[in-house]
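Asks: Below: sequence and its predicted model.
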Amino acid sequence: MTTETLGARPVGNRVAPPSFLRRYGSQLGIMGVGIAMWLAFVALAPRVFLDIDIYKAFAETTPLFALIALALTFVVITGEIDLSFPSVMALGTAVFCLLVKAEWPQWIALLAGLATGALCGWINGALVARLNIPSLVITIGTQFLYRGVELVLMNGTGVPLTPDKYPVLAAVFTSHPFGVPVETLWTVLVAVILWIVLNRTRFGAHVFLVGDNPTSARLMGVNAVRVKTLAFMLVGVVAVFAGLMTSFVGYYFWPTTGDGFLLNSIASVFLGGTSVFGGTGSIVGTLVASYIIGAINAGIVSAGINAFYTQLCFGLVIVVSVVLQTIIERRVRRQAIGGRS
Amino acid sequence: MADARGADRVPVIELKGVSKTFGEVRSLAGVDFKVYPGEIVGLLGDNGAGKSTMVKTIMGYYRPDPGGEIYFHGERIHDWSVARARQLGIETVYQERALSEKQPIWRNMFMGREPHTKWGLLDVKRMREESARLMSEHMGFTSAAVHPDNVVMTMSGGEKQGVAITRALYFDAELVVLDEPTMGLSLSETKKTLDFIEGIKKAGKSAIFIDHNIFHVYPVVDRLYVLDRGKVAGVFNKSEISMDELIARLYRVARSGSMEEQAAS
């Protein structure tokens, strides 16, 4: 260290590329957890879990929160969190319903609903990134705000969304092309698109940089405010998309739409290996973790366990995955400081 | 005191009457500053003299107070920002290194300037390959010792500095700003860094070299600015002042706020 030129050191001091296991370790871990859990369910309730029907049910219900979890991964990587998306799901869908009621064309109402999601996300992003308010606090505030606006707009009433009145949109959100629930096809499509955005665009690269070290990112000319705002807007748009899907699946828009989604989506992101501290995360991890969470939901009930245990289970999943992440990260850091410099 | 050769040349960068206040604190007060092409300019000053604020103003990280003017090759630039400064060819090796520790080397190397393919997608293959090439050619890493996929967190201080310096060099900068580049480096790493600064001059480019250590700064620079309490306390051509005299004046300025003997007495 003291005699050699900058950075040169004895060969063999380090394994050249980081090993496959090290690079994809957390993702492999999640898949391992998923497979282990599946085997446990098969053992506990073989009649249910060796039948195709349960998988069809997963494929219809999981996407509703998985879609949002995929978008939320971006926000978490930037080191923030969005707790307002359940209300955004409802507010965007409410705007859609009201515009259809006012006899606007359905596709314009759809775009307006999605734009409402973008606007909600922009407000979240502006408050967090421009005014530097902790996102954990401010998005609790906007969660109530958006829900309140929606309840006022709808006057607390719901709207039926039957396939005969919305033939096209019902097909878009709930059909079964080739026997596969379209909800899961949407999820896979969104996952592929978001994977490309995160890993193969400059915006995605900046999402990592901003979450890792915001000062460094700014010193190198990355516009942190813009990056964070866009990430929040992405969650807003996807939340409305999921809100519409949820409503069309249930043939009815409830003013309480979105309640109960918070835990599922957030658990999926953290179980998927995205760091609570920002800077690292994976779309594939979130996708797999979403289906694990979905399986827990269905598995607990069909394994004959009291349904009240699901909440306990999700709570455990969030706590355990975050604690494990923290321990692993601290260990890597200590190795870096102790063993290498 | 002014630069004798500068009359017929246009500075790469020029600050005119630049001030920067943070609330009540005035970090820079009416600073005039020039760097000519092919020139290495040293910037000396005590802690809190305003060196780092000046660097970050030159880089567009801070916006100067109204009234301050920034010129690049004689042209006044109004929309000064980090992205703009880098686009014009100014690169900085920051004191705090400005690395993203959890990211692999290839992401750090191209931070804020990621190359993309003609479809607008990130050119990850090129980023990896170029990083590997730069590491072995410029940083003296043997290809077996480090891999572009290694995360920065696992590297030593000297290696991290290597990444920061190589990054500044890669983009063919016209002006390289080095903010305390030798801080925390071993003797040999410091030597290598100073050699690198001389290399900038040989390549016909300019540099601003900021350091506490006058023994590092004096040998490599052409001209020296001394900052004190946010003001330029003195500008010297190296040919006009010896190292001993400079040190004496630096002590004087630290005590009295003035460089000149008569003002101190």
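Replies: Cool, got the structure.
Asks: Low-confidence ranges, the stretch 101-250 of chain B, go.
Replies: Within the stretch 101-250 of chain B, the ranges that satisfy pLDDT under 70 run B:139-145.
Asks: Quick one: residues contacting residue B:211.
Replies: B:42, B:44, B:180, B:181, B:182, B:217 (C-beta atoms under 8 Å, 6 or more residues apart in numbering or on different chains). (Glycine included, C-beta is placed from N, CA and C.)
Asks: now with 7 Å?
Replies: Each residue near residue B:211 by C-beta atoms under 7 Å, 6 or more residues apart in numbering or on different chains is listed here: B:180, B:182, B:217.
Asks: mind listing which of those residues are in helices?
Replies: Among the contacts of residue B:211, DSSP state H puts residue B:217 in helices.
Asks: top of the contacts of residue B:211 by neighbour count?
Replies: For the contacts of residue B:211, neighbours were counted using other C-beta atoms under 10 Å in any protein chain shown, and residue B:217 has the most, 24 neighbours in all.
Asks: And the strands in the chain, which stretches?
Replies: No chain was given, so I picked chain A. A:159-160, A:252-253 (DSSP state E).
Asks: Correction: the question concerned chain B.
Replies: Using DSSP E, strands in chain B cover B:13-22, B:25-35, B:40-45, B:69-72, B:75-76, B:90-93, B:175-179, B:206-210, B:223-228, B:231-237.
Asks: Could I get those in a markdown table, plus columns for distance to chain A and mean neighbour count?
Replies: Conversion of the strands of chain B to a markdown table gives the following (distance: least, C-beta to the nearest C-beta, whole Å; neighbours: other C-beta atoms under 10 Å in any protein chain shown):
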| stretch | distance to chain A | mean neighbour count |
| --- | --- | --- |
| strand B:13-22 | 16 | 18 |
| strand B:25-35 | 17 | 19 |
| strand B:40-45 | 18 | 25 |
| strand B:69-72 | 16 | 18 |
| strand B:75-76 | 20 | 10 |
| strand B:90-93 | 8 | 26 |
| strand B:175-179 | 10 | 25 |
| strand B:206-210 | 15 | 25 |
| strand B:223-228 | 20 | 22 |
| strand B:231-237 | 24 | 19 |
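Asks: now those in CSV, with distance to residue A:168?
Replies: CSV is the format used below for the strands of chain B (distance: least, C-beta to C-beta, whole Å):
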stretch, distance to residue A:168
strand B:13-22, 57
strand B:25-35, 61
strand B:40-45, 66
strand B:69-72, 56
strand B:75-76, 56
strand B:90-93, 54
strand B:175-179, 58
strand B:206-210, 63
strand B:223-228, 68
strand B:231-237, 70
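Asks: between those, which gets nearest to residue A:268?
Replies: strand B:90-93 (39.9 Å; C-beta to C-beta).
Asks: And the contacts of that closest one?
Replies: Taking C-beta under 7 Å, 6+ apart as the rule, strand B:90-93 contacts B:55, B:59, B:164-165, B:168, B:171, B:173-179, B:181.
Asks: and with 8 Å instead?
Replies: With C-beta under 8 Å, 6+ apart as the criterion, strand B:90-93 contacts A:219, B:13, B:55, B:58-59, B:98, B:161, B:164-165, B:167-169, B:171, B:173-179, B:181.
Asks: tell me the contacts of the residue of the stretch 51-200 of chain A found nearest chain B?
Replies: The minimum distance from the stretch 51-200 of chain A to chain B, using C-beta to the nearest C-beta, falls at residue A:200 (4.6 Å). By C-beta under 8 Å, 6+ apart, residue A:200 lies in contact with B:121, B:122, B:124.
Asks: what do you get for residue A:128?
Replies: By C-beta under 8 Å, 6+ apart, residue A:128 lies in contact with A:80, A:134, A:135, A:138, A:139, A:228, A:232.
Asks: Setting the sequence-adjacent residues aside, check what's closest to the second one.
Replies: Right, residue A:134. Using C-beta to C-beta, 6 or more residues apart in numbering or on different chains and skipping the chain neighbours, the partner closest in space to residue A:134 is residue A:128 (7.8 Å).
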